[in-house]
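Engineer: Here you go, sequence then predicted model.
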Amino acid sequence: MEIANAKVDLRGVVPGTPGWEAARAVVTASMVAHGFVIVAHGDALGPDLQHAVFGRAMPELFALPPETKQRAAPDDAGVLTTGYVGHVHGMAWESLRVEDPTDAAGFRRVADLLWPEGNAEFCETMVSFAKTVLKLQETVEVLTLEGLGVRAESVRAHLGTLGYGVRLAHYGAPLNTETCVSLPAHCDNSMDTAVVQHVVEGLEVHLGDGRWVAVPPEPGTFAIVAGDLLRVASNGRVPACLHRVRTPSRRERFTAQFTRGQKVGVEVRVLDDLVDEEHPLVFNPLRHEEYSKWVYSEEGRKCEDPLKAYCGVGKGDGVAAA
Ligand SMILES: O=C(O)CCC(=O)C(=O)O
Ligand SMILES: [Fe+2]
């Protein structure tokens, strides 16, 4: 695959036009083949927004003294949840996770902990960034599910079960100067994640043929990577995308990852429209919060295909891909 075939421009793409059908074909093909697609929308993600986010808000956030950032650390230490996480396990990586980033309250709570007078500009920038990305991310979700043959009302109902969160991340120069990998290969346990890079390269996706391909940090673009929950919802038609961060230029780097996943307490199930004689049920229902814990447990970490081992129909040996 060439990365150009996995790229879709969503400018002016609305339902009912030929542009919509063309975009749906590209998005569905790329998601089914690789579990990722690159989205371009140079208007929505224009230079002003990029500069406000990556040139001002994020550098300002991560330049705060460590003890200040620590004020936004999660209470339940040890689990990567909401709030600030410093340089764990000697990684050159720190991040801040905020739930419901399109609602000003979440960022305001964090800003009030970090800055004596709060930081209205930071909050406004981030909320408008989140709203912009969510709109495009939802468009990709609709295109993917429609493309797989899910009826419009089922797509709407499915989207209604999803919540939203963002992780703002800062990577120092890679500590391993040989591999230049600063985040090892993994699949996200979300429905899908929109990774927004800025200027400095890093995100690499793994293709079925064994190659790692760098997703270029082009302005006005981001990558959608499918997570474990979309693999379930799609009855195994969309694979979870294996990805990592590798920065051969060894520069520091800021990224934002917007994650979609079922709200707490909502079961994740295969969409009914994707089960028929030709496509028998592959996954039993699961709960996101329970699976996320299990996957990092001793048992979960031993499995080559933890999702299959956890909720695969017939379970098998946890190795066969769905
Ligand atoms: O920073 C990136 O480009 C991707 C980060 C990532 O994959 C993650 O945090 O799960
Ligand atoms: Fe990831």
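Structural biologist: Now that the structure is in, tell me what you want to look at. Residues are numbered from 1 along each chain as shown. Ligands and ions are numbered 1, 2, ... in the order given.

Engineer: now the helices for the stretch 151-300 of the chain?
Structural biologist: If DSSP state H, counting those that start in this stretch is used as the criterion, the helices of the stretch 151-300 of the chain fall at 152-159, 228-233, 288-295, 298-302.

Engineer: Just say which of these is most tucked in.
Structural biologist: Among these, the stretch with the highest mean neighbour count (mean count of other CB atoms under 10 Å) is helix 228-233, at a mean of 27. In this view, the C-beta of every residue, glycine as well, is placed from N, C-alpha and C.

Engineer: Next, format the helices of the stretch 151-300 of the chain as TSV and append mean pLDDT and distance to ligand 1.
Structural biologist: Output for those, formatted as TSV (pLDDT from 0 to 100; distance: least, CB to the nearest ligand atom, whole Å):
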stretch	mean pLDDT	distance to ligand 1
helix 152-159	97	22
helix 228-233	98	12
helix 288-295	90	13
helix 298-302	92	16
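
Engineer: Turn those into JSON lines, including distance to residue 54.
Structural biologist: As requested, the helices of the stretch 151-300 of the chain are exported to JSON lines (distance: least, CB to CB, whole Å):
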{"stretch": "helix 152-159", "distance to residue 54": "28"}
{"stretch": "helix 228-233", "distance to residue 54": "27"}
{"stretch": "helix 288-295", "distance to residue 54": "28"}
{"stretch": "helix 298-302", "distance to residue 54": "34"}
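
Engineer: Quick one: closest of these to residue 40.
Structural biologist: Closest approach to residue 40 among the helices of the stretch 151-300 of the chain (CB to CB): helix 228-233, 21.0 Å.

Engineer: For the closest one, name the packing helices and strands.
Structural biologist: Helix 228-233 sits against strand 267-268, helix 288-295, helix 306-311, with contacts defined as 3 or more CB pairs under 8 Å, 6 or more residues apart in numbering; DSSP states H and E.

Engineer: what ranges do the strands span in the stretch 101-250 of the chain?
Structural biologist: 162-171, 181-186, 192-197, 203-206, 212-214, 221-226, 243-246 (DSSP state E, counting those that start in this stretch).

Engineer: so which of the ones you listed comes closest to ligand 1?
Structural biologist: Nearest of the strands of the stretch 101-250 of the chain to ligand 1, taken as CB to the nearest ligand atom: strand 203-206 at 3.7 Å.

Engineer: can you tell me if the closest one touches ligand 1.
Structural biologist: Yes - using CB under 6 Å from any ligand atom, we find that strand 203-206 touches ligand 1 at residue 203.

Engineer: I'd like the numbering to begin with 11 instead of 1 from here.
Structural biologist: Sure thing, new numbering starts at 11, so read that last one as strand 213-216.

Engineer: Who are the packing partners of that strand?
Structural biologist: Strand 213-216 packs on strand 222-224, strand 231-236, strand 253-256, going by 3+ CB pairs under 8 Å, 6+ apart.

Engineer: Minimum distance to residue 201: which of those strands has it?
Structural biologist: strand 231-236 (7.9 Å).

Engineer: can you tell me which residues contact the residue nearest the centre of the chain?
Structural biologist: Geometric centre of the chain, nearest residue: residue 203, 1.5 Å, by CA atoms, centre = their mean. Residues in contact with residue 203, defined by CB atoms under 8 Å, 6 or more residues apart in numbering, are 234-235, 237, 267-270.

Engineer: Let's see that with 7 Å instead.
Structural biologist: By CB atoms under 7 Å, 6 or more residues apart in numbering, the contact list for residue 203 reads 235, 237, 267-269.

Engineer: Residue 77 too?
Structural biologist: Applying CB under 7 Å, 6+ apart, no residues contact residue 77.

Engineer: pretty sure residue 205 contacts residue 268?
Structural biologist: No - with contact defined as CB atoms under 7 Å, residue 205 does not count as touching residue 268 (8.1 Å).

Engineer: Ligand 1 next: which of the contacts of residue 203 are close?
Structural biologist: Okay, of these touching ligand 1 (CB under 6 Å from any ligand atom), that's residue 267.

Engineer: Which two among the contacts of residue 203 are spaced furthest apart?
Structural biologist: Going by CB to CB, the pair spanning those furthest: 237 and 268, at 11.8 Å.

Engineer: What degree of burial does residue 260 show, as a neighbour count?
Structural biologist: 13 (other CB atoms under 10 Å).
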